[in-house]
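In: sequence and predicted structure are below.
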Amino acid sequence: MCCNASTRLCPTASRLLPLSLLVSETTDARARTGRYGKINVIHWHLVDQQSFPFDSKKRPLLSQKGAYSPQERYTSLDVAEVVEYGRSRGVRMMVEIDGPGHAAIWCKGYPEICPSPTCLEPLNPATNATFELLDDLLDDLTGGVRGSGLFPDNIIHLGGDEVNTACYESTPSIASWLKTKGLTADGGYEYFVKQYQAIAHAKGRDVAGWEEIWHHFGTELDKSTIIHQWLGGSTAMPNLTSHGRFGHTELRASLPLPLCKRCPAT
């Protein structure tokens, strides 16, 4: 089965988007004619490996250490403004907090969740500290209850793409943990994905993830997982539907900004 929402990706870590642009250019796309005329979901890729611009109340060091600057951050009030602006115009906001890859910047604030000072990602699956941080962060975003929080949408995107597990094998403590658990490095990746999904489910959220988690783990994933196809030439969608799974493809379009690394905050 395929989701019928028309979605636009909005990344705000590699280049911080001014709040005014987030409010107008993303959500007002629904009102335009042409290819953006039916957009009803904004996929807000809030943080990434380049920067962590969201001010987490429970884990403040993530943005204090991981944002480009104190001025290039989104407060809870900023997020609430964008989400409400979209809601009032019939546009849902689905947040993405990618893991275990694309998270090297997290190590600046909380180094204990990363494999080592020289091998920063994927996030460390061998320590409870990693999942405690994820629990706190998702609590900030969801309020811990279905339909509530800064992002009340019932779907949260947990990423899971472009994961290189070499750090798991080269970090002695993680390699030892894998051996004790009887896992390969890829098994450690799967362990992380399942633990992360369980945290989101406990907060009343359905989970979406990039198609790599399907290619790696297939039907071992929770059946409710929405697989997000994005790779060129991908066969994920017909493969998913043949197994009675949910899939989604997305309109991937840049906002009308120059291709800059950083843009001024407002």
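Out: Yes, it's here. Numbering: from 1, shown residues only.
In: C-alpha coordinates for the host helix or strand of H216, PDB please?
Out: Taking DSSP states H and E as the definition, one finds H216 inside helix 212-217. Listed next in PDB are the C-alpha coordinates belonging to helix 212-217 (Å, rounded to 0.1, in the frame of the first residue of the first chain):
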ATOM      1  CA  GLU A 212      18.000   1.300   3.300                       C
ATOM      2  CA  ILE A 213      16.400  -0.200   6.400                       C
ATOM      3  CA  TRP A 214      14.200  -2.300   4.200                       C
ATOM      4  CA  HIS A 215      17.100  -3.300   2.000                       C
ATOM      5  CA  HIS A 216      19.100  -4.400   5.100                       C
ATOM      6  CA  PHE A 217      16.400  -5.900   7.400                       C
END
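In: that one packs against which elements?
Out: helix 185-202, helix 236-242 (3 or more C-beta pairs under 8 Å, 6 or more residues apart in numbering; DSSP states H and E). All C-beta atoms are positioned from the backbone trio N, CA, C, and that covers glycine.
In: how far off centre is it?
Out: The chain centroid and the centroid of helix 212-217 are separated by 16 Å, computed with C-alpha atoms, centre = their mean, to the nearest Å.
In: which positions in it come out as buried?
Out: Neighbour counts over helix 212-217 (16 or more other C-beta atoms under 10 Å) mark 212-214, 216-217 as buried.
In: ok so, going back, tell me which of the helices and strands packed on helix 212-217 sits most buried.
Out: Ranked by mean neighbour count, the helices and strands packed on helix 212-217 are led by helix 185-202 with a mean of 19 (mean count of other C-beta atoms under 10 Å).
In: now that helix: mean pLDDT?
Out: For helix 185-202, mean pLDDT rounds to 98.
In: what number of residues lie near the residue lying closest to D206 once chain neighbours are set aside?
Out: Closest residue to D206 apart from its sequence neighbours, by C-beta to C-beta, 6 or more residues apart in numbering: I155 at 4.9 Å. Number of residues near I155 (other C-beta atoms under 10 Å) recorded here: 19.
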